[in-house]
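> got a structure for you, letters missing:
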């Protein structure tokens, strides 16, 4: 029996005005709901430009408690529209303690909880370790009105362990709020391969775990005009076989609504029984940093 759900992706171009960005996100959620979306996901840290391009203490002022002002406003919106909202926010947990966090709000406006980003990068123009403490809530799944959703954030998307543990908790859909793009000076040489790797790894999580994947990126150039980051957009939805069902544009904001059928999960896992055939008795060494041979 079919179990249809429509997912909405709000791909955004950010400005230096958090209020303007928040208003654009609200408009995107409304547009998605008007097109039939039942679960709507926003990009990573949608309230601001991607401030992690530099280490600057003034950006800590962007952080807020969760629950807090943003989740309260989005809860009202979720209830009014009857949609689930996944919102990536800069969380101030305590003085001097901050996280990169996604809040999940159910379709009746209830705040269901949050996921704190577990894997924190430190690469050129991605200086997240300066701002964010690694998550300590583990890998989580939220039972929403329409589906059981797992939420991971950007750098988490490269780790099969994160996807597996979230899927093992019963996620129907893995959502990845994201902020990723090219360094413009590297784009000609490495751009195609970098984007392909990003897409392939996420689609592979859908295949390995027999679930849907929804990745929601930002778009546009941010930072130094002679450098910075060119966010590559191309938010997408893939099914349990890894097939891309829909993909957004590279260079512009876009609201995309895609129907998925949760019944496909059982069908896929029955015909490709990867969970059945896991050798859990042999995986103990996965918790080692590296296996050094004598």
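Structure received. Since we're looking at a predicted model, the values are computed, not measured.
> from here on, contacts and neighbour counts on C-alpha atoms
OK.
> and the longest helix for this structure?
Residue-count comparison of every helix in the chain, with assignments taken from DSSP state H, identifies helix 184-209 as the longest.
> C-terminal to it, what's the next element?
Past helix 184-209, further along toward the C-terminus, the next helix or strand under DSSP states H and E is strand 212-216.
> in its sheet, what does that next one sit against?
Partners of strand 212-216 in the sheet, by DSSP bridges, are strand 173-177 (parallel), strand 236-238 (antiparallel).
> ranking those strands by burial, who's on top?
A comparison of the strands paired with strand 212-216 by mean neighbour count, using mean count of other CA atoms under 10 Å, puts strand 173-177 on top with a mean of 28.
> ok, and what's touching that strand?
Strand 173-177 is contacted by residues 41-44, 88, 147-154, 157, 163, 166-167, 211-217 when judged by CA atoms under 8 Å, 6 or more residues apart in numbering.
> list phi and psi for residue 84.
Backbone geometry at residue 84, expressed as degrees, to the nearest 10, gives phi -80, psi 140.
> so it is in contact with residue 103, correct?
No: because the distance of 10.6 Å does not satisfy CA atoms under 8 Å, residue 84 is recorded as not touching residue 103.
> of the two, which one has the most company?
Ranked by neighbour count (other CA atoms under 10 Å), residue 84 and residue 103 place residue 84 first, with 32 against 22.
> ok so, going back, list the ones among the contacts of strand 173-177 that fall in helices.
In helices, judged by DSSP H, the following of the contacts of strand 173-177 are found: 163, 166-167.
> ok, so of those residues, who is nearest residue 238?
residue 163 (14.1 Å; CA to CA).
> contacting residues for the closest one?
In this structure, residue 163 makes contact with 152, 157, 174, 205, 209, judged by CA under 8 Å, 6+ apart.
> how many residues are close by the first one?
Read that as residue 152. Around residue 152 there are 28 residues (other CA under 10 Å).
> isn't it right next to residue 115, touching?
Yes: here residue 152 reaches residue 115: they are 7.3 Å apart, a contact under CA under 8 Å.
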